[in-house]
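Undergrad: from the sequence below, what's the structure:
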Amino acid sequence: MLTANLARSRTTDETITPLFIDPSEARYRETARELLQLFEAHLNEPKGDLEAEIDELTVANTDYKIVQGFAKLLKDECEFEVVAPVDPHTIRQRLFEKANERYPIVRQPTLGEDTQKLEVYSAVADELGISLEDCYRGMYADLEDNKRLVRIGTRTAEQYASDASPSTTNLTGNSAEEYEHTDLTVDWLLTRYNLALAQAVLYDATEMRIRVWDHFGTVFSYMKLFGLMHRIYPIDGDGERVPSTDQATGYEAVLDGPASLFSKSQKYGIRMANFLPALPLCDRWELTAEILTDETIDETRQFRLDHTETLDSHYSAGDQFDSDVERTLAQKWARANTEWELVREDDVFDLGAEVMIPDFAVEHPDGRRAILEIVGFWTPEYLESKLAKIRQVEADNFILAVSERLDCANEDFGRTADRVLWFKTGIHVYDMVELVETVAASSDTTPASK
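TA: Next up, the predicted model:
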């Protein structure tokens with residue numbers, strides 16, 4: 001994502017709007033192409049050299065924020081590594097020890113200094129079994145500017161080199177289609193940049209409301225994945241709230257933002273921005289957010305966005321785990337010896353004005369199933385809201401896995417109190433199976449929940 005100093009937006013008395021670029025505009029396409037060529041040319045080269053070239057390109061371009069923004073997004077897709085035949089710390093230690101043996105450090109250089117230096121480097125290179133050049137370059141290879149660019153996107157220098165044949169478009173050529181041979185294209189960079197501009201606005205959101213009319217499970221899964229506090233309501237085709245899920249054609253989610261929680265935690269703000277790419281996975285969606293523009297007087301502006309902006313998402317629409325606890329449970333379940341299967345849940349519990357989407361279902365081949373909700377770490381305020389929703393669930397096959405770190409007890413869960421499995425660091429599969437077997441109901445007797 002973009003850093004705050006690279007964000008570009010326009011603020012009026014009432015609204016804040018990202019300054020999106022037109023991906024079809026020639027000057028932006030040319031700048032993106034130049035940067036892609038620049039990064040490719042610096043494969044296996046020091047990061048400092050790449051940064052210097054980017055700075056030169058920035059100076060020559062009046063849209064310096066855009067150039068630096070493009071470069072930041074490309075660097076996010078790159079891998080820089082320490083490249084040295086021997087650990088740089090070892091090389092430095094040997095050099096300093098050898099230099100100390102040969103001559104003392106003096107304030108004034110002597111005529112023999114260069115010769116002595118060469119002798120030290122040569123001696124250490126021989127001891128370590130490396131070349132004199134490797135010894136010299138490797139001494140500070142672990143400094144950030146000296147790290148080497150070893151991967152761009154999903155491709156390495158070897159893969160780029162293998163494409164440089166008469167039958168393949170050379171990536172250093174001038175063809176407008178040249179970058180279709182790599183996963184990082186001009187179009188990819190320009191569309192990712194627009195998405196990043198929108199994400200940067202959300203760093204200071206006090207509240208975000210989203211409405212979606214399709215792909216509910218995917219969107220809500222990403223909402224949980226990034227640990228966003230949320231409340232979900234059924235809505236009709238016009239976005240108005242309706243009394244029950246039976247009348248719903250979509251759902252509205254109210255997300256508390258970083259400026260309203262944890263004393264405006266920037267870490268939480270990044271979570272909010274990270275969630276945004278989940279929305280373009282839907283065919284129809286809307287976002288409205290309140291953005292804090294002046295913290296000293298709590299002044300805010302409104303930010304609106306919807307599917308008509310044609311933002312593209314780089315997220316997967318496949319199954320996502322909402323937390324490490326869920327991921328670990330799924331991994332352990334896959335290794336366990338049990339007929340019960342853990343599956344992603346897509347049920348929606350109708351709680352009247354609100355809804356709740358559980359985390360998993362646990363299903364048996366004979367048709368029995370239980371519905372599992374994991375209650376991990378939340379703020380006290382959000383936990384209170386979560387408990388209130390859990391107490392409204394009437395399904396007898398609804399079970400809970402609750403972290404012992406939370407300030408609550410069995411009686412806080414209402415009629416589900418006798419179906420709680422407490423855990424410390426992780427959930428034990430067979431303890432869960434034992435609980436499931438006592439409450440699981442046949443799928444044809446489970447009350448409809450959506």
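Undergrad: the longest strand seen in the chain pairs with which strands?
TA: Among the segments of the chain that qualify as a strand by DSSP state E, the longest is strand 285-294. With DSSP bridges as the test, strand 285-294 is paired with strand 205-212 (antiparallel), strand 299-306 (antiparallel).
Undergrad: buried sites along the helix or strand just after the last one?
TA: From strand 299-306 onward toward the C-terminus, using DSSP states H and E, the following helix or strand is helix 324-335. Taking 16 or more other Cβ atoms under 10 Å as the neighbour-count basis, helix 324-335 is seen to contain the buried residues 325, 326, 329, 332, 333. All C-beta spots, glycine's among them, are computed from the backbone N, C-alpha and C.
Undergrad: what's the farthest-apart pair in those residues?
TA: 325 and 333 (12.3 Å; Cβ to Cβ).
Undergrad: so residue 371 sits right up against residue 358, yeah?
TA: Yes: Residue 371 lies in contact with residue 358 (Cβ atoms under 8 Å); the separation is 5.0 Å.
Undergrad: excluding its backbone neighbours, what's nearest residue 220?
TA: residue 357 (5.1 Å; Cβ to Cβ, 6 or more residues apart in numbering).
Undergrad: what's the neighbour count on that neighbour?
TA: 22 (other Cβ atoms under 10 Å).
Undergrad: distance check, it against residue 277.
TA: 20 Å (Cβ to Cβ, to the nearest Å).
Undergrad: residue 65 now?
TA: 21 Å.
Undergrad: tell me which of these two has more neighbours.
TA: The neighbour count for residue 65 versus residue 277, taken as other Cβ under 10 Å, is higher for residue 277 (20 against 16).
Undergrad: residues touching residue 143, list them.
TA: Applying Cβ atoms under 8 Å, 6 or more residues apart in numbering to residue 143 gives no contacts.
Undergrad: same check on residue 307?
TA: 279, 280, 282, 283, 284, 285, 286.
Undergrad: now residue 100, what are its backbone angles?
TA: Backbone torsions for residue 100, taken as degrees, to the nearest 10, come to phi -70, psi -30.
Undergrad: please parse this structure into its domains.
TA: 88-140, 195-309, 324-442 (automatic domain parsing).
Undergrad: please name the nearest non-neighbouring residue to residue 137.
TA: Residue 137 sits nearest to residue 84 (Cβ to Cβ, 6+ apart), 7.4 Å away.
Undergrad: right, and residue 23 touches residue 194 too?
TA: Yes: the criterion here is Cβ under 8 Å, and residue 23 meets it with residue 194 at 7.3 Å.
Undergrad: residue 299 reaches residue 292, doesn't it?
TA: Yes: using Cβ under 8 Å, residue 299 is in contact with residue 292, at 7.4 Å.
Undergrad: out of those two, name the residue with the larger neighbour count.
TA: residue 292 (20 against 10).
Undergrad: out of everything not next to it in sequence, what's closest to residue 414?
TA: In space, residue 414 is closest to residue 391, 3.5 Å off (Cβ to Cβ, 6+ apart).
Undergrad: so how many other residues sit close to that neighbour?
TA: 15.
Undergrad: from residue 356, how far off is it?
TA: Taken as Cβ to Cβ, the span from residue 391 to residue 356 is 11 Å.
Undergrad: same question, residue 14
TA: 34 Å.
Undergrad: which of the three states applies to the residue sitting nearest the centre point of the chain?
TA: For the chain, residue 274 is the residue whose C-alpha lies nearest the centre (Cα atoms, centre = their mean; 5.4 Å). For residue 274, the assignment made with DSSP: H, G, I helix; E, B strand; the rest coil gives helix.
Undergrad: now do the same contact list for it.
TA: Residue 274 sits in contact with 1, 199, 226, where contact means Cβ under 8 Å, 6+ apart.
Undergrad: ok, so of the contacts of residue 307, who is nearest residue 184?
TA: Using Cβ to Cβ, the contacts of residue 307 come closest to residue 184 at residue 280, 18.8 Å.
Undergrad: before we move on, back to that, mind giving me JSON lines with the strands paired with strand 285-294 and columns for distance to residue 96 and mean pLDDT?
TA: Below are the strands paired with strand 285-294 laid out as JSON lines (distance: least, Cβ to Cβ, whole Å; pLDDT from 0 to 100):
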{"stretch": "strand 205-212", "distance to residue 96": "51", "mean pLDDT": "91"}
{"stretch": "strand 299-306", "distance to residue 96": "55", "mean pLDDT": "94"}
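Undergrad: if you compare the ones you listed, which one is most tucked away?
TA: strand 205-212 (a mean of 21; mean count of other Cβ atoms under 10 Å).
Undergrad: convert the C-alpha atoms of that one to CSV, please.
TA: Output of strand 205-212 as CSV, limited to C-alpha atoms (Å, rounded to 0.1, in the frame of the first residue of the first chain):
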residue,chain,number,x,y,z
ALA,A,205,-11.6,6.5,9.1
THR,A,206,-13.7,6.8,12.3
GLU,A,207,-16.5,4.6,10.8
MET,A,208,-17.1,2.7,7.6
ARG,A,209,-20.4,1.4,6.3
ILE,A,210,-20.5,-1.1,3.5
ARG,A,211,-23.5,-2.5,1.6
VAL,A,212,-23.1,-5.6,-0.6
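Undergrad: show me where this structure has its helices.
TA: 26-41, 47-59, 64-76, 88-102, 113-128, 132-138, 157-163, 186-201, 216-225, 266-275, 324-335, 380-390, 429-439 (DSSP state H).
Undergrad: give me the contacts around the third one.
TA: So the one you mean is helix 64-76. 1-3, 6, 8, 21, 28, 31-32, 35-36, 39, 54, 57-58, 61, 152, 184, 189, 192-193, 196-197.
Undergrad: quick one: buried ones out of those residues?
TA: 1-2, 6, 8, 21, 28, 31-32, 35-36, 39, 54, 57-58, 61, 152, 184, 189, 192-193, 196-197.
Undergrad: quick one: the strands in the stretch 351-450 of the chain, in order.
TA: For the stretch 351-450 of the chain, applying DSSP state E, counting those that start in this stretch gives strands covering 355-356, 360-363, 368-375, 398-403, 420-423, 441-442.
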